[in-house]
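Enquirer: could you work out the structure for the sequence below:
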Amino acid sequence: MTRELHLHKAKQIFLETLARRGIKDKRVLEAMETVPREAFVGLHQADFAYDDNPLPIEEGQTISQPYIVALMTEAMKLKPEDTVLEIGSGSGYAAAVLSRIVKQVYTVERHQVLARLARERLAKLGYDNVTVLCGDGTLGWPEHAPFNAIVVTAGAPNVPQSLVRQLTIGGRLVIPAGSSLHQQKLLRITRVSDDETETEDLGGVRFVPLIGKEGWRDREGTVTAPPRTEAGRVTPLSEQIRKEAIHIPSIATVDLDGLMARIGHSRLVLLGEATHGTAEFYDMRARITRELIEKKGFQFVAVEADWPDAAQVDHFVRETRTEPTQEPTFNRFPTWMWANRQVLEFVQWLRGHNRQAGSEDKAAGFYGLDLYSLYSSINAIIGYLEQVDEDTADIARRRYGCLTPWERDPITYGRMALTTKHESCEQDVVSMLHMLMQKRLEYSIHDGRKFLDAIANARLVKDAERYYRSMYEGSVKSWNLRDQHMFETLEHLLDFHGPGSKAVVWAHNSHLGNAEATEMGKRGEINVGSLCRRHFGDSAYLIGFGTHQGTVAAASDWGAPMEIKNIVPSVPDSIERLCHDTGLNAFFLPLRHGSKDLVKQLRPPRLERAIGVIYRPETEMASHYFNASLSRQFDEYIWFDETRAVDALASEVEPGIPETFPFGL
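Expert: Here you go, the predicted structure:
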């Protein structure tokens, strides 16, 4: 698929999403359709221009989420003859949208680089009714006042009166405002007379701070709040969390009997993580999992990793193979997520446990749920068929051959498959799965576990092929396909292990917390946690993790080298800051079994941080915070105030280790 065709298709899906979320003004929708958002982001971000997410731009700033741009534009109740003032030009995108609706747009940006780039972009694209100024936006632009409408794209501590005075009578000011640096109310203020205004609350939003004389103060590049009379005082909610928290003296010595009692007879225990690179999260999950296996008879661990890589670990812990396959293990970015000392210590423990189990049935397994291993899975299927049915192996080579040209770049396959120039491989991979299912009885006689591996890989190839095509049809669809695959893989594993089998799942909070309790759910996203809650009810116990500061293993971009990065201390009013303000270094916080009053107080949405394999501290608010209702998202929350990065098994330090993990250790 050409980039132009992809962007056109993505834009249509995006416009349908805006309409579904309540944007009704046809002129706003037409303007959003007309303005090419891809022209206002970097080239490496262009493919994601119509995802409903903010994206990073120059100077550590962001281009706003498209839905918010549409919402604020619609809220101004614009007319074709209006003159509008925008505070916070950013990349120039919102000003371009406004220019398609009104007569004249004036826009003010405090960053010189952004103002210059916005001016150049707008001129190049022919938006000749937009004028850009570099200056303090909180003071407005009095030379061109009065304005029919003013929109502010950053959060103010209070409504700047300079802006109100620059409105016409009947003019509308749309502004995020509130005492929190990072959580505000979107207000529409109408000037009804020289001295009178009417204010409407349009709901909660989250913006970067509005810096300036009538905004937040900026001291040496640092945003600071106005002086507080009770600085440092612990909030009542933090104090209540402190009272109900169960202190963790150390991961090694903490008594888990209380947690085991709260988990009760749950069939699934979902253990999250707030980052993909924090040692304490891995160590605590390992400690809890050991007790679940030893004391409650849990049969396997399913992790957010590719099936073939996890199968290598499963062979290691079961001692069913003593040498690695030719396929490198955990060789795909990000290697540190599973090839680290914390995971190594756990799988070595699991191997020792299985040696003492006494039988294959009592041995605990290790499986992968993810679907990125398209070609490793194809190789595994063909390798299996070569052992049990050479004729079918030949058919598999021909059918999977459709995907061979894209082995190094499956994302490009997804783009090409959506054009008429390249035929989709969908039918071939679906047919191959059906063929394997039809031969299920014949093949499983040889070795049920080997057939489980083959059929899991065939399902993965089928779902991965759909996933790579869906990446060009919107982020919600691709996310949902991935999590649906992980959940269905988990279901198949439970079925394989028999009625009453029990599993531990390791994945990121964003996959394991109930999506319906977060802004993900509002976007139409599902996840493993919401699907488990829907299908297993209270038999699934969802545990989230969090931290305030420390270090983390992460990259700056997809495919970039791993770095040890400093975690920025959590923002005010966030879930993390509430936990930090308790003064406790680590604790369990029961939510399902917590007091009704605490559960109620933790129900309103608050900011929560999510750091994946990529961490960009410079755009942390836009890149890593989202709204979530903690007491609806999780059954329990585990807190570590200061954490450190995982100990990655780096090849440059210990040659050969990642490639042969875990066999080479």
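Enquirer: ok, for the residue of the chain most remote from its centre, nearest residue in space, not its chain neighbours?
Expert: In the chain, counting by C-alpha atoms, centre = their mean, D194 sits farthest out from the average C-alpha position, at 46.4 Å. Leaving aside its chain neighbours, D194 sits nearest to I169 (7.4 Å; criterion: C-beta to C-beta, 6 or more residues apart in numbering). C-betas here are computed from N, CA, C, even on glycine.
Enquirer: SS state for the one you found?
Expert: strand (DSSP: H, G, I helix; E, B strand; the rest coil).
Enquirer: helix or strand for the closest residue to E109 other than its chain neighbours, which one?
Expert: With sequence-adjacent residues excluded and distances taken as C-beta to C-beta, 6+ apart, E109 is closest to S89, at 3.6 Å. Using DSSP states H and E, S89 falls within no helix or strand.
Enquirer: my guess is S89 meets L114, correct?
Expert: Yes: using C-beta atoms under 8 Å, S89 is in contact with L114, at 6.4 Å.
Enquirer: so these two - more neighbours on which side?
Expert: Per other C-beta atoms under 10 Å, whichever of S89 and L114 has more neighbours is S89, with 28 against 21.
Enquirer: next one: I241 from L493, what distance?
Expert: In this view, I241 and L493 are 35 Å apart by C-beta to C-beta, to the nearest Å.
Enquirer: for those two, indicate the residue with more neighbours.
Expert: Neighbours were counted for I241 and for L493 using other C-beta under 10 Å; I241 has more, 25 against 19.
Enquirer: that one touches S595, doesn't it?
Expert: No: in terms of C-beta under 8 Å, I241 does not count as a neighbour of S595; the distance is 10.7 Å.
Enquirer: beta partners of F366?
Expert: Counting by DSSP bridges, F366 is bridged to V301.
Enquirer: residues in contact with it?
Expert: By C-beta atoms under 8 Å, 6 or more residues apart in numbering, F366 lies in contact with 300-301, 303, 310, 313-314, 317, 347, 350.
Enquirer: ok, now H276?
Expert: Going by C-beta under 8 Å, 6+ apart, H276 touches 334, 337, 508, 553-554, 611-613.
Enquirer: show me those residues that map onto strands.
Expert: Secondary structure from DSSP state E places 553-554 of those in strands.
Enquirer: in a helix, that's where S510 is, yeah?
Expert: Yes: S510 forms part of a helix when assessed by three-state DSSP.
Enquirer: any idea what sits nearest it, other than its immediate chain neighbours?
Expert: Of all residues beyond its chain neighbours, the one nearest S510 is A610 (5.2 Å), with distances taken as C-beta to C-beta, 6+ apart.
Enquirer: ok, back up a step: would you mind measuring from the residue nearest to D194 to V102?
Expert: Computed as C-beta to C-beta, the I169 to V102 distance reads 18 Å.
Enquirer: right, and A503 touches L271 too?
Expert: No: using C-beta under 8 Å as the test, A503 is too far from L271 to be in contact (10.9 Å).
Enquirer: so which of those two has more stuff around it?
Expert: Each of A503 and L271 has its neighbours counted (other C-beta under 10 Å); L271 has more, 27 against 23.
Enquirer: let me see the contact set for the closest residue to L202 other than its chain neighbours.
Expert: With C-beta to C-beta, 6+ apart as the criterion, L202 has its nearest non-adjacent residue at 4.2 Å, and that residue is L186. With contact set as C-beta under 8 Å, 6+ apart, L186 has these partners: 71-72, 75, 174-176, 201-205.
Enquirer: again, only using 7 Å
Expert: Going by C-beta atoms under 7 Å, 6 or more residues apart in numbering, L186 touches 176, 202-203, 205.
Enquirer: for PyMOL, what selects the buried ones among these?
Expert: With 16 or more other C-beta atoms under 10 Å as the burial test, the buried ones among the contacts of L186 are selected in PyMOL as follows:
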select buried, resi 176+205
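Enquirer: closest to N148 out of the contacts of L186?
Expert: Of all the contacts of L186, L202 has the smallest distance to N148: 18.4 Å, by C-beta to C-beta.
Enquirer: for F626, see how far away the residue nearest the centre of the chain is.
Expert: Taking C-alpha atoms, centre = their mean, the centroid of the chain lies closest to S510, which sits 5.7 Å from it. Distance, S510 to F626, by C-beta to C-beta: 8 Å.
Enquirer: ok, now V317?
Expert: Distance, V317 to F626, by C-beta to C-beta: 35 Å.
Enquirer: what do you get for V571?
Expert: 12 Å.
Enquirer: okay, and for the stretch 151-300 of the chain, where does confidence drop off?
Expert: Low-confidence segments of the stretch 151-300 of the chain (pLDDT under 70): 181-182, 218-235.
Enquirer: where along it do the strands fall?
Expert: Counting by DSSP state E, counting those that start in this stretch, one finds strands in the stretch 151-300 of the chain at the ranges 167-177, 184-191, 197-205, 217-219, 222-224, 246-247, 268-271, 300-306.
Enquirer: distance from the chain centre to the last one, please.
Expert: Taking C-alpha atoms, centre = their mean, to the nearest Å, one finds strand 300-306 lying 18 Å from the centre of the chain it belongs to.
Enquirer: before we move on, what about stretch 161-170?
Expert: The chain centroid and the centroid of stretch 161-170 are separated by 39 Å, computed with C-alpha atoms, centre = their mean.
Enquirer: end-to-end on that stretch?
Expert: Distance between the two ends of stretch 161-170: 16 Å, counting by C-alpha to C-alpha, to the nearest Å.
Enquirer: same check on stretch 17-35?
Expert: Terminal residues of stretch 17-35 lie 17 Å apart, using C-alpha to C-alpha.
Enquirer: try stretch 613-626
Expert: Stretch 613-626: ends 17 Å apart by C-alpha to C-alpha.
Enquirer: how about residues contacting that stretch?
Expert: 54, 56, 60, 62, 182, 206, 208, 276, 334, 337, 518-519, 552, 554-558, 565, 568, 571, 574, 607-611.
Enquirer: for that stretch, buried residues please.
Expert: Buried residues in stretch 613-626 (16+ other C-beta under 10 Å): 613-617, 619-625.
Enquirer: wait, A115 sits on G135?
Expert: No: counting by C-beta atoms under 7 Å, A115 does not reach G135; the two are 8.4 Å apart.
Enquirer: tell me which stretches of the stretch 151-300 of the chain form helices.
Expert: Using DSSP state H, counting those that start in this stretch, the helices of the stretch 151-300 of the chain run over 161-165, 236-244, 257-263, 279-296.
Enquirer: H247: neighbour count?
Expert: Neighbours around H247, by other C-beta under 10 Å: 11.
Enquirer: kindly state the beta-bridge partners for it.
Expert: Beta-bridge partners, per DSSP bridges, of H247: F587.
Enquirer: is it true that it touches L584?
Expert: Yes: with contact defined as C-beta under 7 Å, H247 reaches L584; the gap is 6.1 Å.
Enquirer: separation between the nearest residue in space to L292 that is not next to it in sequence and N509?
Expert: Closest residue to L292 apart from its sequence neighbours, by C-beta to C-beta, 6+ apart: F298 at 4.3 Å. F298 sits 21 Å away from N509, going by C-beta to C-beta.
Enquirer: if you count surrounding residues, which of those two has more?
Expert: N509 (29 against 21).
Enquirer: which residues does the more buried one contact?
Expert: 272-274, 544-545, 610.
Enquirer: can we see that at 6 Å?
Expert: N509 makes contact with 272, 274, 544, according to C-beta atoms under 6 Å, 6 or more residues apart in numbering.
Enquirer: packing partners of the helix or strand harbouring H353?
Expert: Following DSSP H and E, one finds H353 within helix 341-357. Secondary-structure packing of helix 341-357 (3 or more C-beta pairs under 6 Å, 6 or more residues apart in numbering; DSSP states H and E): helix 279-296, helix 307-318.
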